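Undergrad: Output the structure for:
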Amino acid sequence: MEVTPVEEIIQRHTDSITSGNIKPPWGSCPKCFETPNTYKLHECRKRRFRFIVGCFVRIVLSLLVRWKCPICGRTFTEYPAFALPYKRYVLMNIEVLCEDYLENEKSYQETVSCEDGAIGYEGKNDKIDERQLSASTPWRWLGLLGSMNNTLTGALNLIRQKAANSYIFRELFPIFSGKYHTRNRKLLLQNAWKLLQANQIFGHLFGDKIFPRYEIARTRI
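TA: Coordinates of the predicted model:
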């Protein structure tokens, strides 16, 4: 089975943890918002990540690290650059499929289709996996992204300070009328699209994208 670039990224992350090459996170604690000198390693836990290869979904086992803040004594999970909290699919797939849906006159079902068929799960050991990527999955992704108003506002404020002429302040982000039935859903989709674009701009300007540290960003940015 061919190893994909995404799989290599996940494997490098896993190897760095199993080899003990783990660096404490930077910045303030996401629980108390204080900034300690360092964090204490609390535990490592298993996490299965899903990613799309062509017309199939693969699942790979990796690890997530939990750290303990010496100031407040609470623990938190540090997510690698390819992951989002509470989401099983890798961030790269979330970004690509959400942008594909927003930029084109596609339905959710068409967005999760490949070669006129549904994106299915890759079987193992000659066993067929009949599961398919659900059309409701990108719907939920966009619902999350579109509801992150504080993160979007904060990110735009920082972008404006460094690149006031950025196209993001001129773009209207029009949504095809067939994609929503209410004004609230339209605004949510527009916010999701704008946040995805802001994430890319943020990375170019500051060398560090908004995601996956959005839980901290939502409060601090």
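Undergrad: Got phi/psi on residue 15?
TA: phi -60, psi -40 (degrees, to the nearest 10).
Undergrad: give the contact list for residue 13.
TA: Shown in contact with residue 13 (CB atoms under 8 Å, 6 or more residues apart in numbering): 62-63, 80, 82. Where C-beta positions appear, they are placed from N, C-alpha and C, glycine not excepted.
Undergrad: Need the max-distance pair from those residues.
TA: Pairwise distances across these (CB to CB) peak at 12.8 Å, for the pair 63 and 82.
Undergrad: pretty sure residue 113 is in contact with residue 119, am I right?
TA: Yes: Residue 113 is in contact with residue 119 according to CB atoms under 8 Å; the separation is 6.7 Å.
Undergrad: With neighbour numbers in mind, choose between these two.
TA: More crowded of residue 113 and residue 119, by other CB atoms under 10 Å: residue 119, with 21 against 17.
Undergrad: Report pLDDT for the more buried one.
TA: With respect to pLDDT, residue 119 scores 91.
Undergrad: got a list of what the closest residue in space to it that isn't next to it in sequence touches?
TA: Using CB to CB, 6 or more residues apart in numbering and skipping residues adjacent in sequence, the residue nearest residue 119 is residue 133, 4.1 Å away. Residue 133 is in contact with 52, 57, 112, 118-120, counting by CB under 8 Å, 6+ apart.
Undergrad: measure residue 133 to residue 202 for me?
TA: Residue 133 is 28 Å from residue 202, where distance means CB to CB, to the nearest Å.
Undergrad: again with residue 2
TA: 32 Å.
Undergrad: likewise residue 130?
TA: Here the criterion is CB to CB. By it, residue 130 lies 40 Å from residue 202.
Undergrad: Who has more neighbours out of those two?
TA: Set residue 130 next to residue 202 and count neighbours by other CB under 10 Å: residue 202 wins out with 23 against 7.
Undergrad: Surely residue 58 and residue 50 touch.
TA: Yes: look at residue 58 against residue 50 with CB under 8 Å: they come within range, at 7.1 Å.
Undergrad: where does residue 12 land in three-state SS?
TA: helix (DSSP: H, G, I helix; E, B strand; the rest coil).
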